[in-house]
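S.K.: Sharing a sequence plus its predicted fold:
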Amino acid sequence: MTGTATFANATGFLNFELKLINRLQREIFGAAGGHIHCGGPDVEGAVTTILVAELRGGNDAMSVTETGLLTDADVIDVGYGATIDEVTASVFEGAAYVNVHSTDFVSGVTRGQVGVPTTSGSIALTPGALGVISSLVALLVTI
């Protein structure tokens with residue numbers, strides 16, 4: 001499975017788009033959905049926000065796109081910030097990753113570490129536990 005999670009922020013909001021290519025047609029989101037976790041590449045961090053809630057039976061489509069807008073009400077664990085602005089700061093500091101679950105892989109079918117923007121506006125990304133990471137405009141992680 002491959003995909004991208006793109007983030008853009010404004011004060012009080014974190015907008016996201018999660019695109020997944022599900023070549024093996026796994027039942028993604030069926031176990032626990034998809035989340036932003038705070039933690040470095042070798043850290044299993046707590047879920048800070050839910051991108052996609054658990055979907056009964058999962059979604060086995062070949063490609064899936066989910067979008068959303070996160071606010072303070074979406075912050076679950078305050079370890080990396082009690083507000084969405086504080087969580088966003090963790091995301092832009094490279095202290096966060098995206099994890100997507102499937103019914104076959106309950107702890108996560110794929111994970112991508114979010115990178116740190118450079119002064120040039122590009123994104124320096126580091127590999128997560130699984131997946132390949134690439135860079136685009138804004139803040140992007142490939143999972």
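M.R.: Great, that's in hand.

S.K.: Give me the three-state assignment for G112.
M.R.: For G112, the secondary-structure state derived from DSSP: H, G, I helix; E, B strand; the rest coil is strand.

S.K.: how close does it sit to D72?
M.R.: Remark: distance between G112 and D72 (Cβ to Cβ, to the nearest Å) = 25 Å. The C-beta positions use only the backbone N, C-alpha and C, and glycine is treated the same way.

S.K.: more crowded one of these two?
M.R.: Per other Cβ atoms under 10 Å, whichever of G112 and D72 has more neighbours is G112, with 27 against 14.

S.K.: these two touch, right, L69 and A10?
M.R.: No - in this structure L69 lies outside contact range of A10 using Cβ atoms under 8 Å: 9.6 Å.

S.K.: So T88 belongs to a helix, correct?
M.R.: Yes - assessed by three-state DSSP, T88 belongs to a helix.

S.K.: Can you name the residues that contact it?
M.R.: Residues in contact with T88 (Cβ atoms under 8 Å, 6 or more residues apart in numbering) are F7, N9, L14.

S.K.: so where's this structure uncertain?
M.R.: Residue ranges of the chain with pLDDT under 70: 115-143.

S.K.: switch to 90 and redo it
M.R.: 1-11, 14-24, 26, 31, 38-45, 57, 77-82, 87-99, 102-143 (pLDDT under 90).

S.K.: any idea how far D85 lies from G68?
M.R.: 17 Å.

S.K.: An error on my part: the question was meant for V98.
M.R.: On the measure of Cβ to Cβ, V98 and G68 end up 13 Å apart.

S.K.: For the two, list the residues in contact with both.
M.R.: Contact criterion Cβ under 8 Å, 6+ apart; residues shared by V98 and G68: L51.

S.K.: who's more crowded, those two?
M.R.: Under the criterion of other Cβ under 10 Å, the comparison of V98 against G68 puts V98 first, with 27 against 14.
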